[in-house]
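Peer 1: Sequence first, then the predicted structure:
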Amino acid sequence: WEIQDLTRLRAVEAEVQQLSHQLTRANRELEDLHTRIERNAGEREELLTVVSHELRTPITVIAGFNKLLLAEKVGSLTKEQRHFLSESAKSCRRLSAFIGNLIEAAREVAGERPLELVETSLGATIEGVVEFLKPLLDERRQTLDLNLDPAAARARFDPMRVEQVLTNLIGNALKHGRAGGVIRVSSHAIEAEEAAPRRFVEVVVSDDGPGIAAQYRERIFEPYVRAGDGSQAGGLGLGLAICRRIVEAHGGTILLTGAPSGGSRFSFTLPAAGSLTDGEHAQ
């Protein structure tokens, strides 16, 4: 006779069976969660589409009528009427930017819109944004000092997304810089370090406004954080958070320091032209 104690074996079998049931249940829950995520993503995209159309369309119409009235195409304006219409136009621009940032933040959180990297002219991109913002510069009687380094003429980046970063940073300099003051925009090449596999170029945007206290200079890039006294309100504090995501997606960094003029100095880096990581190919 051979006697075996099967108590432990049966206990292990029962434990394995229980774990198998738990794994099956977890897989079903994971499938349900994946289905809900896909459904929520579809609903979110539909909501973003509705918001974009239903809010931006009337804003565009209002802004168009404002522009028509300010051009005095339908009659002359008094000084007071022109002031009211100008303030209305500014509010339209702020609201449009607010909606754009809100939609962009939602898409960034979802990991949408991958970068479309190309090697192209960084100088032309910067000059295009400056030209786009020229009416606002003229309105505030601000001068923009542009200093572009020929050594940083080209870089590897997504033009549309970098235009977004530049528009945000220069727009902030317009808003917070002194009326009649100077905004400085420059670019230069960064010398590659021996251990670094990539070369970078840097873009700097400086203003002569009140600046941002040192304790806020890192937090200012977090979503829903705005520094200041509230007198320049007009947004959720999403713009700089979006800028950081875009720059870091390129493999660069974005920083805020104090400007020599006493204002703010934003700088961000992008991969230089011809600087590819393993597995990348020029487009």
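Peer 2: Cool, the structure landed.
Peer 1: So Ala273 sits against Phe157, correct?
Peer 2: No. Look at Ala273 against Phe157 with CB atoms under 8 Å: they stay out of range, at 9.5 Å. All C-beta spots, glycine's among them, are computed from the backbone N, C-alpha and C.
Peer 1: more crowded one of the two?
Peer 2: Phe157 (28 against 20; other CB atoms under 10 Å).
Peer 1: Tell me the bridge partners for that one.
Peer 2: Beta-bridge partners of Phe157, counted by DSSP bridges, are Val118.
Peer 1: and it, how far is that from Pro114?
Peer 2: Using CB to CB, to the nearest Å, one obtains 13 Å as the distance from Phe157 to Pro114.
Peer 1: which intervals of the stretch 151-283 of the chain have sub-threshold pLDDT?
Peer 2: Residues of the stretch 151-283 of the chain meeting the criterion pLDDT under 70: 192-197, 226-237, 261, 275-283.
Peer 1: try 80
Peer 2: Along the stretch 151-283 of the chain, the model assigns pLDDT under 80 to residues 191-198, 223-239, 259-262, 274-283.
Peer 1: which element is the residue nearest in space to the middle of the chain on?
Peer 2: Nearest to the geometric centre of the chain sits Ile242, at 2.6 Å (CA atoms, centre = their mean). Element membership for Ile242 (DSSP states H and E) is helix 239-249.
Peer 1: What of Asn168?
Peer 2: Asn168 belongs to helix 159-176 when assigned by DSSP H and E.
Peer 1: Where do the helices of this protein begin and end?
Peer 2: Secondary structure of the chain (DSSP state H): helices at 7-70, 79-109, 122-139, 159-176, 239-249.
Peer 1: export the shortest one as CSV, just CAs?
Peer 2: Once non-C-alpha atoms are left out, helix 239-249 reads as follows in CSV (Å, rounded to 0.1, in the frame of the first residue of the first chain):
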residue,chain,number,x,y,z
GLY,A,239,-2.0,77.8,-23.7
LEU,A,240,1.4,77.2,-22.0
ALA,A,241,0.6,73.7,-21.0
ILE,A,242,-0.2,72.9,-24.7
CYS,A,243,3.0,74.6,-25.7
ARG,A,244,5.0,72.4,-23.4
ARG,A,245,3.4,69.2,-24.7
ILE,A,246,4.1,70.2,-28.3
VAL,A,247,7.8,71.1,-27.6
GLU,A,248,8.4,68.0,-25.6
ALA,A,249,6.8,65.9,-28.3
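Peer 1: which residues sit against it?
Peer 2: Helix 239-249 is touched from outside by 97, 101, 104-105, 108, 115, 158, 161-162, 164-165, 168-169, 171-172, 220-225, 253-254, 268-270, with contacts defined as CB atoms under 8 Å, 6 or more residues apart in numbering.
Peer 1: hang on, isn't Ile126 packed against Leu144?
Peer 2: No. Look at Ile126 against Leu144 with CB under 8 Å: they stay out of range, at 10.4 Å.
Peer 1: more crowded one of these two?
Peer 2: Set Ile126 next to Leu144 and count neighbours by other CB under 10 Å: Ile126 wins out with 22 against 17.
Peer 1: residues in contact with that one?
Peer 2: Residues near Ile126 by CB under 8 Å, 6+ apart: Leu146, Leu148, Leu166, Val185, Ser187, Val203.
Peer 1: now Asp32
Peer 2: Asp32 touches nothing, counting by CB under 8 Å, 6+ apart.
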